[in-house]
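Undergrad: Sequence and predicted structure, then a few things I'm wondering about:
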Amino acid sequence: MIKIRSLMLRGRNSHLRNATAKSRSVARQSYRAEARVVSNDNDMFSSDRVTFGNMTSLEMMRSMAVLWICSIPGFSDNASKILNAGKICLGRPLFTRLMRYTAYGQFVAGDEIKEIQTTAKCLAQNNVAQMLAVPIEAPDYSNESTTIDPFQDNLRKSLDCVEISRSTKLEGKNCLMQIKLTALVDFDALESFSKVIANAEMCNSDRLREWITTGCHTNDLASIAPSLTGNEAKKLADGVSRILEVVEHAEKRGVCVLIDAEHTWINPAIQELGVTLMRIYNRRTHVVYMTYQAYLKETRELIKSHAHLCRRNNAHFALKLVRGAYVVAETKKHGSHPPYMCEDWEATNRNYHECLEDLLSMDSKYNEIVIATHNETSVRLAVKHLQARPPGFRSNVSFAQLYGMANYMSFTLGNSGYQVYKSVPYGTVEETLPYLGRRVKENCLVLNGIRKEMTMLRKGLVKKIVGP
Ligand SMILES: Cc1cc2nc3c(=O)[nH]c(=O)nc-3n(C[C@H](O)[C@H](O)[C@H](O)COP(=O)(O)OP(=O)(O)OC[C@H]3O[C@@H](n4cnc5c(N)ncnc54)[C@H](O)[C@@H]3O)c2cc1C
């Protein structure tokens, strides 16, 4: 029995490996073609114009080494296991030290407020602002021995993140932080609530809004989501109360909260909550942002419908546009490439660019857009649009990249006067291991960007050492 199961798993994994390898090679070819089409001498990302800002030669060498290691398929596929094995073999002190000089130093700001503030200052020298990401993944339910309620612990960390974000705010810039709702709300309750929404039961944004504004009582949930069990309703009500606590605290401290998009089987609940929170909290200004994943075919229509809903309710529509990070998880859950997802990288690119063009041609007064990508073609497309619009239009549009990735892009955009954020995780090596594992794994889907970045780093390093 065990043998059959392991064979089945092996078969399924090889399917995933093949899918990833195939998409890597197809993407590589089309990326080269695209890059040829868009590159020209006046290009802000040509090697003689890009800047690595105040990065030292040592930091550039570390970036090259870490990015190179991340791009080794065997490593990226098993990153979490390798990191955990490293911790056991080397022992905690040595492992922590090694990580601080490598992946942790590359992708994480640090674990003390001072380190986080220093990172913010370094970024600010390149006109790039920090967008802190709460150092939490969804709670690990397998660890039953702990007496701490993981959601309460995550709530405390989220409230701390509001304060740390506030303490690193830059003059004239919005103060942004990122959260994952699965850190605050029970995953199964979100999944059940997503089914209620997907089945078009009685729940809609108007009724959800009424439920939230009248105190999120568990009993009242029965009228909008009757199929939830009593236990699920309680977990959902508790979770939404925690989200409200974070958002209300952020609002008071002048911090904006960007809600991450996650897996499709919980996204309906996240999206419905997100757009409803925008309607409640984004009346005067934008406090809540929702994330939209362009690898999903429905996203373009969803953005239009949410933009319309916000406009109709005199609320600011604030969003982060990403391609989507869960290709492997979605494929695994569905058993093959899911039909609701764009067929390949090129189709995702087309969808991303169509969403981007829709957004950049909307009346921007009530829209706040974060273009979160490391893809140079997408950034160039957005820059082209922004250059054609009046300068005031730019104040509602920002770019965002992950800390430790695409620095050449962030610093060049920042130094050219665009609004740029770096999504910056923080926490101890121990706390950020799941994030680092995920980061390395996801990097196998962004290999083209990494290759370009390594070329830029190599050229930048030579220029720094030998001179222009
Ligand atoms: C600031 C910031 C915040 C983010 N927040 C979120 C978030 O909340 N939720 C989230 O899901 N992700 C989030 N991401 C990650 C994001 O979705 C991408 O995974 C990551 O940025 C890589 O995509 P890219 O646009 O940089 O470019 P690229 O390297 O050009 O594209 C890689 C992406 O293409 C898509 N792709 C690759 N192969 C296929 C395929 N076979 N079929 C379909 N699509 C494919 C995938 O989306 C993959 O991530 C965030 C990224 C940033 C920079």
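TA: In hand now; what should we look at? Numbering: from 1, shown residues only.
Undergrad: From residue 400, how far off is the nearest residue to residue 300 once chain neighbours are set aside?
TA: Using CB to CB, 6 or more residues apart in numbering and skipping residues adjacent in sequence, the residue nearest residue 300 is residue 355, 5.2 Å away. For glycine as for every other residue, the C-beta is placed from the backbone atoms N, C-alpha and C. Taking CB to CB, to the nearest Å as the measure, residue 355 falls 15 Å from residue 400.
Undergrad: Please name the residues that touch the nearest residue to residue 243 once chain neighbours are set aside.
TA: Distance criterion CB to CB, 6+ apart; nearest residue to residue 243, sequence neighbours excluded, is residue 184 at 5.4 Å. Residues near residue 184 by CB atoms under 8 Å, 6 or more residues apart in numbering: 151, 154-155, 158, 239, 242-243, 246.
Undergrad: What of residue 158?
TA: Residues counted as contacts of residue 158 (CB under 8 Å, 6+ apart) are 134, 136, 179, 183-184, 246.
Undergrad: any chance of these in a markdown table, with secondary structure too?
TA: Shown next, in a markdown table, are the contacts of residue 158 (DSSP: H, G, I helix; E, B strand; the rest coil):
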| residue | secondary structure |
| --- | --- |
| 134 | coil |
| 136 | coil |
| 179 | strand |
| 183 | helix |
| 184 | coil |
| 246 | helix |
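Undergrad: Regarding residue 368, what are the backbone dihedral angles?
TA: phi -130, psi 120 (degrees, to the nearest 10).
Undergrad: count of neighbours near the spatially closest residue to it that is not a sequence neighbour?
TA: With CB to CB, 6+ apart as the criterion, residue 368 has its nearest non-adjacent residue at 3.9 Å, and that residue is residue 318. By other CB atoms under 10 Å, 28 other residues sit near residue 318.
Undergrad: so what's the backbone phi/psi at residue 318?
TA: The phi/psi pair for residue 318 (degrees, to the nearest 10) is phi -120, psi 130.
Undergrad: what's it in contact with, if anything?
TA: Contacts of residue 318 (CB under 8 Å, 6+ apart): 256, 278, 282, 286, 288-290, 367-369.
Undergrad: let's see 6 Å
TA: By CB atoms under 6 Å, 6 or more residues apart in numbering, the contact set of residue 318 is 286, 289, 368.
Undergrad: Give me the pLDDT for residue 179.
TA: Note for residue 179: predicted pLDDT of 96.
Undergrad: which stretches of the stretch 101-250 of the chain form strands?
TA: Applying DSSP state E, counting those that start in this stretch to the stretch 101-250 of the chain gives strands spanning 128-133, 176-179.
Undergrad: Nearest to residue 92, out of those strands?
TA: strand 128-133 (24.0 Å; CB to CB).
Undergrad: What helices and strands are in contact with that closest one?
TA: In terms of contacts (3 or more CB pairs under 6 Å, 6 or more residues apart in numbering; DSSP states H and E), strand 128-133 is packed against strand 176-179, strand 419-425.
Undergrad: Would you mind telling me which of those is nearest the ligand?
TA: Closest approach to the ligand among the helices and strands packed on strand 128-133 is made by strand 419-425 (3.7 Å; CB to the nearest ligand atom).
Undergrad: Sheet partners, orientation included, of that closest one?
TA: If you go by DSSP bridges, strand 419-425 pairs up with strand 128-133 (parallel), strand 397-402 (parallel).
Undergrad: close to the ligand, is it?
TA: Yes: residues of strand 419-425 are located near the ligand by CB under 6 Å from any ligand atom, namely residue 423.
Undergrad: again with stretch 114-134
TA: No: judged by CB under 6 Å from any ligand atom, stretch 114-134 stays clear of the ligand, getting no closer than 6.7 Å.
Undergrad: from now on call the first residue 153
TA: In the new count, where the first residue is 153, that last one comes out as stretch 266-286.
Undergrad: picking that back up, tell me the one of the contacts of residue 310 nearest the ligand?
TA: Closest to the ligand, out of all of the contacts of residue 310 and judged by CB to the nearest ligand atom, is residue 331, at 9.6 Å.
Undergrad: Who is that closest one paired with across the strands?
TA: residue 411.
Undergrad: separation between it and residue 307?
TA: 10 Å.
Undergrad: So between those two, which is more surrounded?
TA: residue 331 (24 against 20).
Undergrad: Indicate which one of the helices and strands packed on strand 280-285 is closest to residue 219.
TA: Smallest distance to residue 219 across the helices and strands packed on strand 280-285 (CB to CB): 15.8 Å, for strand 571-577.
Undergrad: same for the helix or strand that that closest one is followed by, what does it pack against?
TA: Counting by DSSP states H and E, the element after strand 571-577 in chain order, helix or strand, is helix 581-595. Counting contacts by 3+ CB pairs under 6 Å, 6+ apart, helix 581-595 packs against helix 225-229, helix 231-242, helix 255-259.
Undergrad: Need the residues that contact the second one.
TA: If you take CB under 6 Å, 6+ apart as the criterion, helix 231-242 is touched by 247, 585, 589, 592-593.
Undergrad: of the residues you listed, closest to the ligand?
TA: Distance to the ligand across the contacts of helix 231-242 (CB to the nearest ligand atom) is lowest for residue 593, with 10.8 Å.
Undergrad: Could you tell me which residues make contact with that closest one?
TA: 228, 231.
Undergrad: pLDDT at it, what is it?
TA: On the pLDDT scale, residue 593 gets 70.
Undergrad: How about the residues of the protein by the ligand?
TA: 175, 412-413, 443, 445, 447, 474-479, 493-494, 496-497, 500, 524-527, 552-554, 575, 594, 597-598, 600-601.
Undergrad: related to what we said a few turns ago, go through the contacts of helix 231-242 and give me the one with the most neighbours.
TA: residue 592 (24 neighbours).
Undergrad: if you skip the residues just before and after it, what's nearest to that one?
TA: residue 231 (3.7 Å).
Undergrad: That concludes my questions; thank you for your assistance.
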